[in-house]
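Q: give the three-dimensional model of this entry:
(one chain, ligands or ions: 3)
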Amino acid sequence: MYDKITPPTTGAKITFKNGEPIVPENPIIPFIRGDGTGIDIWPATQKVLDAAIAKAYKGQRQVSWFKVYAGDEACDLYGTYQYLPQDTLTAIQEYGVAIKGPLTTPVGGGIRSLNVALRQIFDLYACVRPCRYYAGTPSPHKNPEKLDVIVYRENTEDIYLGIEWRQGSEIGDRLIKLLNEELIPATPEHGKKQIPLDAGIGIKPISKGGSQRLVRRAMKHAMLLPKQKQQVTLVHKGNIMKYTEGAFRDWGYELVTSEFRQECVTERESWILSNKEKNPSISSEDNARQIDPGYDALTPEKKAQIVKEVETVLNSIWPSHGNGQWKDKIMVNDRIADSIFQQIQTRPDEYSILATMNLNGDYLSDAAAAIVGGLGMGPGANIGDACAIFEATHGTAPKHAGLDRINPGSVILSGVMMLEYMGWQEAADLIKKGLSEAIANSQVTYDLARLLEPPVEPLKCSEFAEAIIQHFG
Ligand SMILES: NC(=O)C1=CN([C@@H]2O[C@H](COP(=O)(O)OP(=O)(O)OC[C@H]3O[C@@H](n4cnc5c(N)ncnc54)[C@H](OP(=O)(O)O)[C@@H]3O)[C@@H](O)[C@H]2O)C=CC1
Ligand SMILES: O=C(O)CCC(=O)C(=O)O
Ligand SMILES: [Mg+2]
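A: Ligands and ions are numbered 1, 2, ... in the order given. Below is the predicted model of the structure:
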């Protein structure tokens, strides 16, 4: 079955039922060490995970780690250009849950991202990246503790599908000619637009199915959060990219108001309902005027549309959502992508789950991690219905590779997410406690040490792992 690797002789497979993992007491879990700083981070992470599991379950539970290869390490073992060997794919398919360090992707030419390939091969459609603050972490922000968001990023499509043509390539030129001469002129709304003949071309597919399954998962997650955090924000640049990003928003609202009708209220619905609650005799037109600030300048058709929206909301959900009942529902709103970047800084406590397309979520998760202390504190998970791969938000940080100085916090916290996903909450809690106390005691790696005032002597990557374990108590 395998060419160059051998699974552990003890342990059992994690299986899946209805999208949920069924975890034996001794699961076999494949891991990819990763390129660059993976060499430092993975051993530190494995040590912390094993120590927490041993302390929490006293031998009743343990992980049998299965080393599999990707990136540079895979080429060393399997040969030139063997970046993602079949052995690795077979192992992840077989064992269902895996964890990985970062993998290098060259800019411009060269191989396409192995990280993205793994998400696509295993249909890991939700990239879940929580950004929360651990007390004592230095931050460029005055109130980093106010940010507690989870970026829920669509993980399989958008421009990450990687369908693009190089400038000057034969097919790229043919595509531009076809667009310029046939398809654009046949689309009246595009007028006389033309694509420059010296352009590279990329395709950005956003599907209804892909968008809705992501939003569905985000909604199910929101239902598990404390009441005050039950909110899902659809992030998009739909004012500019109407049929991709705008459609993501529309499909999101369509999904939540059909599949989660009793559990949710949209922001606009909440305005309509509360206008009626404040003034029971308000006319539909005045209600429409209050929810749309530019109402009086709109065309008669647009005004009629908003009045109809008001009446539809009141006729359909007033009994289940009116008289303040909507305040107990999951709030679903949407924000334009550029605006959410400033909102998470200026009004961080107004947000909870941020449901995004692939590219926006990539940007936003780094930005949110920066607020709570940087990329060393940004964990993540790639989740599908029959597989999950846990990995940090950051990359290989090559300039720090092999120096035993990088912050392993994000991969350790990705391990915490994995333990929680497996239902091993006691071990997860021990690690969160250990990490919180290490940071609170200013026992931190270089990235956080340099931001502390006064600065402290940094711990090595391996020492930080030890400090976490010591603080298990
Ligand atoms: N999922 C994955 O495997 C990902 C892979 N990549 C790939 O990684 C490679 C390098 O990408 P790059 O753009 O440099 O981004 P990186 O995220 O690797 O690093 C950028 C900078 O972020 C800081 N940083 C990153 N990780 C940590 C950490 N664990 N602890 C503390 N600080 C950290 C460092 O800043 P400073 O030096 O200022 O301290 C580092 O130089 C690329 O090939 C890219 O494609 C990128 C993202 C995700
Ligand atoms: O795959 C890569 O190299 C980068 C991916 C990335 O930045 C991310 O998933 O956050
Ligand atoms: Mg990224």
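
Q: is it true that residue 180 touches residue 196?
A: No. Applying C-beta atoms under 8 Å, one finds residue 180 not in contact with residue 196, separated by 9.6 Å. In this view, the C-beta of every residue, glycine as well, is placed from N, C-alpha and C.

Q: CA atoms of stretch 377-391 as CSV?
A: What follows is stretch 377-391, C-alpha atoms only, in CSV (Å, rounded to 0.1, in the frame of the first residue of the first chain):
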residue,chain,number,x,y,z
MET,A,377,-0.5,33.2,17.6
GLY,A,378,-2.7,32.2,14.6
PRO,A,379,-4.0,28.6,14.6
GLY,A,380,-6.1,27.0,11.9
ALA,A,381,-8.0,24.0,10.7
ASN,A,382,-9.0,22.8,7.2
ILE,A,383,-12.3,20.9,7.6
GLY,A,384,-14.3,18.8,5.2
ASP,A,385,-17.0,16.2,5.7
ALA,A,386,-14.7,13.2,5.8
CYS,A,387,-11.2,14.6,6.5
ALA,A,388,-9.5,17.4,8.5
ILE,A,389,-6.0,18.8,8.3
PHE,A,390,-4.8,21.2,11.0
GLU,A,391,-2.2,23.9,10.3
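
Q: list the buried residues for that stretch?
A: 377-385, 387-391 (16 or more other C-beta atoms under 10 Å).

Q: Three-state assignment for residue 293, please.
A: Under DSSP: H, G, I helix; E, B strand; the rest coil, residue 293 falls in the coil class.

Q: ok, now residue 233?
A: strand.

Q: now, which of the buried residues of stretch 377-391 sits nearest residue 288?
A: residue 383 (40.1 Å; C-beta to C-beta).

Q: phi and psi next, for that closest one.
A: phi -120, psi 130 (degrees, to the nearest 10).

Q: identify the residue nearest it in space, chain neighbours excluded?
A: Closest residue in space to residue 383, ignoring its immediate chain neighbours: residue 126 at 4.7 Å, by C-beta to C-beta, 6 or more residues apart in numbering.

Q: ok, back up a step: report the two of the buried residues of stretch 377-391 separated the most.
A: Once C-beta to C-beta is applied, those give 377 and 385 as the farthest pair, at 28.8 Å.

Q: from the centre of the protein, point out the most distant residue.
A: Checked against the mean C-alpha position of the chain, the extreme residue using C-alpha atoms, centre = their mean is residue 281, at a distance of 43.9 Å.

Q: could you dump the buried residues of stretch 377-391 to JSON lines with secondary structure and distance to residue 81?
A: Formatted as JSON lines, the buried residues of stretch 377-391 follow (DSSP: H, G, I helix; E, B strand; the rest coil; distance: C-beta to C-beta, whole Å):
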{"residue": "377", "secondary structure": "helix", "distance to residue 81": "34"}
{"residue": "378", "secondary structure": "coil", "distance to residue 81": "30"}
{"residue": "379", "secondary structure": "coil", "distance to residue 81": "31"}
{"residue": "380", "secondary structure": "coil", "distance to residue 81": "27"}
{"residue": "381", "secondary structure": "strand", "distance to residue 81": "29"}
{"residue": "382", "secondary structure": "strand", "distance to residue 81": "24"}
{"residue": "383", "secondary structure": "strand", "distance to residue 81": "29"}
{"residue": "384", "secondary structure": "coil", "distance to residue 81": "27"}
{"residue": "385", "secondary structure": "coil", "distance to residue 81": "31"}
{"residue": "387", "secondary structure": "coil", "distance to residue 81": "25"}
{"residue": "388", "secondary structure": "strand", "distance to residue 81": "28"}
{"residue": "389", "secondary structure": "strand", "distance to residue 81": "22"}
{"residue": "390", "secondary structure": "strand", "distance to residue 81": "27"}
{"residue": "391", "secondary structure": "coil", "distance to residue 81": "22"}
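
Q: which residue is the nearest non-sequential neighbour of the residue of the chain found nearest ligand 1?
A: Closest contact between the chain and ligand 1, by C-beta to the nearest ligand atom, is at residue 395 (2.2 Å). Ranked by C-beta to C-beta, 6+ apart and with sequence neighbours excluded, the top spatial neighbour of residue 395 is residue 102, at 4.7 Å.

Q: how about the residues of the stretch 1-150 of the chain by ligand 1?
A: Within the stretch 1-150 of the chain, the positions near ligand 1 by C-beta under 6 Å from any ligand atom are 102-105, 115.

Q: okay, now the domains of the chain?
A: 1-127+375-473, 164-202 (automatic domain parsing).

Q: most tightly surrounded among these?
A: Compared across those, domain 1-127+375-473 shows the largest average neighbour count, a mean of 19 (mean count of other C-beta atoms under 10 Å).

Q: does that one reach ligand 2?
A: Yes. Interface with ligand 2: domain 1-127+375-473 contributes 105, 113, 115-116, 393, 395 (C-beta under 6 Å from any ligand atom).

Q: so for that domain, mean pLDDT?
A: For domain 1-127+375-473, mean pLDDT is 97.

Q: and residue 104, that one's in a helix?
A: No. With three-state DSSP as the criterion, residue 104 is coil rather than part of a helix.

Q: which single residue of the stretch 301-450 of the chain ends up nearest ligand 2?
A: Counting by C-beta to the nearest ligand atom, the stretch 301-450 of the chain gets nearest ligand 2 through residue 362, at 4.6 Å.

Q: residues near that residue, how many?
A: If you count neighbours by other C-beta atoms under 10 Å, residue 362 ends up with 20.

Q: would you agree it is in contact with residue 153?
A: Yes. Using C-beta under 8 Å, residue 362 is in contact with residue 153, at 6.8 Å.

Q: which element is the residue in the stretch 201-350 of the chain that ligand 2 sits nearest to on?
A: When scored by C-beta to the nearest ligand atom, the stretch 201-350 of the chain has residue 214 as its residue closest to ligand 2, at 14.8 Å. In this assignment (DSSP states H and E), residue 214 forms part of helix 208-224.

Q: again with residue 286
A: Residue 286 belongs to helix 284-291, assigned by DSSP H and E.

Q: go on, residue 29?
A: Assigned by DSSP H and E, residue 29 falls in strand 28-32.

Q: so residue 245 makes contact with residue 206?
A: Yes. Residue 245 lies in contact with residue 206 (C-beta under 8 Å); the separation is 6.9 Å.

Q: between the two, who's got more neighbours?
A: Neighbour tally, residue 245 and residue 206, criterion other C-beta under 10 Å: the higher count belongs to residue 245, 25 against 22.

Q: quick one: contacts for that one?
A: 206, 236-238, 337, 357, 360 (C-beta atoms under 8 Å, 6 or more residues apart in numbering).

Q: residue 421: which of these is nearest?
A: Once C-beta to C-beta is applied, the member of these that ends up nearest residue 421 is residue 357, at 23.3 Å.

Q: wait, doesn't that closest one sit right on residue 154?
A: Yes. Contact criterion C-beta under 8 Å: residue 357 and residue 154 qualify, at 5.1 Å.

Q: common neighbours of the two, please.
A: What both residue 357 and residue 154 touch, as defined by C-beta under 8 Å, 6+ apart, is the set 211, 248.

Q: buried sites along stretch 324-339?
A: 326, 329-337.

Q: what lies in contact with that stretch?
A: 219, 222-223, 227, 230-239, 245, 249, 252-253, 256, 260, 262-267, 269-270, 273-274, 277, 321, 343, 356, 360, 364.

Q: pull up the distance across it, start to finish.
A: 29 Å (C-alpha to C-alpha, to the nearest Å).
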